[in-house]
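**Student:** Build me a model:
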Amino acid sequence: MKYKGSIDINQPLAIVTALFADSKNLVKYQDGFQKKELIKGTEGQDGTVSKLYYKSDKHEMELTETIIANRLPHTFEAFYHHKHMDNTMKTTFTALSDEQTRYETEVEYTRINWVMPKLIAILFPSMYRKPGERWMKNFKTFAEQQ
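**Tutor:** Here you go, the predicted model:
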């Protein structure tokens, strides 16, 4: 399953990508984000592995992020592993003007190995797309307030 999204942010490319690159900002736009823990490598570098922890209501989730290619300010690509699924996310930033940046994502789920997530992906694919869209909108709001 694959989906794409984009949003235009009223900030220069340099500001948008600096905010995106700083993992301390994740808590400001990703619902339920708790912490990011470096496992191997140097933060932001290709091949770096980190654990991401999320909590919503009574549910906790742990993801492993492996940076595939960090070419900011233009692109960032990473692989995310969860015990029930894997996905890749490619993020692209394009300067539309000196004061506006387009933020685009392309997410592809490459493995879903549990019955409920598979059914949700088939019957309600928007359930996978909506959190990403919400995080993009939250990031836009956060970035434009800087």
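
**Student:** Which is the succeeding secondary structure element to the lowest-mean-pLDDT helix or strand in the chain?
**Tutor:** Of all helical and strand segments in the chain, the minimum by mean pLDDT, DSSP states H and E falls on helix 115-123, at a mean of 58. The first helix or strand that comes after helix 115-123 along the chain, using DSSP states H and E, is helix 126-144.

**Student:** Tell me who's in contact with Asn70.
**Tutor:** Asn70 makes contacts with 44-46, 76-77, as judged by Cβ atoms under 8 Å, 6 or more residues apart in numbering. From N, CA and C alone the C-beta is placed, and that goes for glycine too.

**Student:** actually Arg129, not the one I wrote
**Tutor:** Contact analysis of Arg129 by Cβ under 8 Å, 6+ apart lists 3, 5.

**Student:** if we go to 7 Å?
**Tutor:** Tyr3 (Cβ atoms under 7 Å, 6 or more residues apart in numbering).

**Student:** Look up how far Ile7 lies from it.
**Tutor:** 13 Å (Cβ to Cβ, to the nearest Å).

**Student:** try Lys55
**Tutor:** When distance is defined by Cβ to Cβ, Lys55 is 25 Å away from Ile7.

**Student:** Which positions in stretch 21-35 come out as buried?
**Tutor:** For stretch 21-35, the neighbour count (16 or more other Cβ atoms under 10 Å) marks 23, 25-26, 28-30, 33 as buried.

**Student:** which residues are in contact with it?
**Tutor:** The contact list for stretch 21-35, computed with Cβ under 7 Å, 6+ apart, reads 19, 36, 43-44, 53-56, 72, 134-135, 138-139, 142.

**Student:** hmm, try it at 6 Å
**Tutor:** The set of residues external to stretch 21-35 that reach it, using Cβ atoms under 6 Å, 6 or more residues apart in numbering, is 19, 36, 53-56, 72, 135, 138-139, 142.
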